[in-house]
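[1] Got a predicted structure here, sequence first:
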Amino acid sequence: MRIAGYLSITLSCWLAACAPAPLTENNDPAASDSSNNLLYAVAWKQTAAEYEALYLQGFNMARLQVQQALANRNSTDKPLAVISDLDDTLLLAHDYWGYLINADRDFFDDIAWDRWIAEQGVFPSPGALEFLRYCASNGIEVFYVTNRDQGDITFDLALQSLQTAGFPYADAEHLTVLRETSNKEAVQDSIRENHKVVVMLGDNLNDFSRKFYVTDVSERKNLVHGEQARFGQDYIIFPNPTDGHWIRAIFGESEPIASAQNRTILKAAATLRAWVPSG
Ligand SMILES: [Mg+2]
């Protein structure tokens, strides 16, 4: 039996034992400052130079791939291109996470996210602007593919984010916003019809391939190890300790509600392996 299968069973038992009605945003007892389960992850995003170095490292690796592709390009090749995710890859949202901490929220808050996105508080990740401009200066097109949903204004908000950040190719031809699905493969395939994609950039495995869209913790890890050679090659991944499909693998959904049940599930995930002192 896989570890994740064990985790799922364990979590199910906890759920059955707890069995309270799901808590909503309004009646959820806000976590106290000292127990807010987002604190470490958000503090790391906000302060760690290592976090920023991982972005620089990722974009350096992407640049190496681009340089190699330029050097090896044949005149008969399709034009070169890069495909990138937006949030937590090219754009960071520290202010949003800081807001959640100040508001005693300890899970992703979709309502606050939509309001905050509309205020255009995102800013470029370290090295993003330089890498994308390097691509543009060498004639390599950049295609942006994102999953966002802020209603009818989603596309305009995302495009505005790109333009405000100063990214190249910030136009309707190069931006795809997927509101109904997180599956990016159809868009990736259509880009490949007319371009040779050098690298894909993302903070979520799903940004690279839908094959990673599974809810089993152990299976996700196995899939990554099965594609080991691609990371740092055509898959360039960036760190995200606050959200993504790794959350979905724990809770069964990407945006679990703030509840006592889900805090228990999170603790079970955090203690998947845990030392029990002898004696
Ligand atoms: Mg992302």
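    Nice, thanks for sending it over. Residues are numbered from 1 along each chain as shown.

[2] Report the contact partners of the nearest residue to residue 195 once chain neighbours are set aside.
    Excluding the flanking residues, the one nearest residue 195 by C-beta to C-beta, 6 or more residues apart in numbering is residue 81, at 3.7 Å. Heads up, the C-betas are built off the backbone N, CA and C, glycines and all. Residues in contact with residue 81 (C-beta atoms under 8 Å, 6 or more residues apart in numbering) are 140-143, 191, 195-198.

[3] ok, what's across the strand from residue 81?
    Beta-bridge pairing for residue 81 (DSSP bridges): residue 141, residue 197.

[4] Now residue 60. Nearest residue, chain neighbours left out?
    residue 127 (7.4 Å).

[5] Count the residues that sit near the residue lying closest to residue 263 once chain neighbours are set aside.
    Closest residue to residue 263 apart from its sequence neighbours, by C-beta to C-beta, 6+ apart: residue 37 at 6.4 Å. Per other C-beta atoms under 10 Å, the neighbour tally for residue 37 reads 15.

[6] Next one: the residue nearest to residue 60 from residue 199, what distance?
    14 Å (C-beta to C-beta, to the nearest Å).

[7] what about these two, which has more around it?
    residue 199 (27 against 22).

[8] which bits of this structure sit near the ion?
    85, 87-88, 203 (C-beta under 5 Å from the ion).

[9] Now with 8 Å, please.
    By the rule C-beta under 8 Å from the ion, the part of the chain lying against the ion is 85-89, 146-147, 202-204, 207, 240, 244.

[10] Let me have those residues in CSV, adding pLDDT and neighbour count as columns.
    CSV is the format used below for those (pLDDT from 0 to 100; neighbours: other C-beta atoms under 10 Å):
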residue, pLDDT, neighbour count
85, 98, 23
86, 98, 24
87, 97, 24
88, 98, 23
89, 98, 24
146, 97, 24
147, 94, 21
202, 98, 26
203, 98, 24
204, 98, 25
207, 97, 28
240, 98, 19
244, 96, 18
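
[11] so who does the residue nearest to residue 60 touch?
    By C-beta under 8 Å, 6+ apart, residue 127 lies in contact with 55-56, 58-60.

[12] Now the buried members of these.
    With neighbours counted by 16 or more other C-beta atoms under 10 Å, the contacts of residue 127 contain buried members at 55-56, 58-59.
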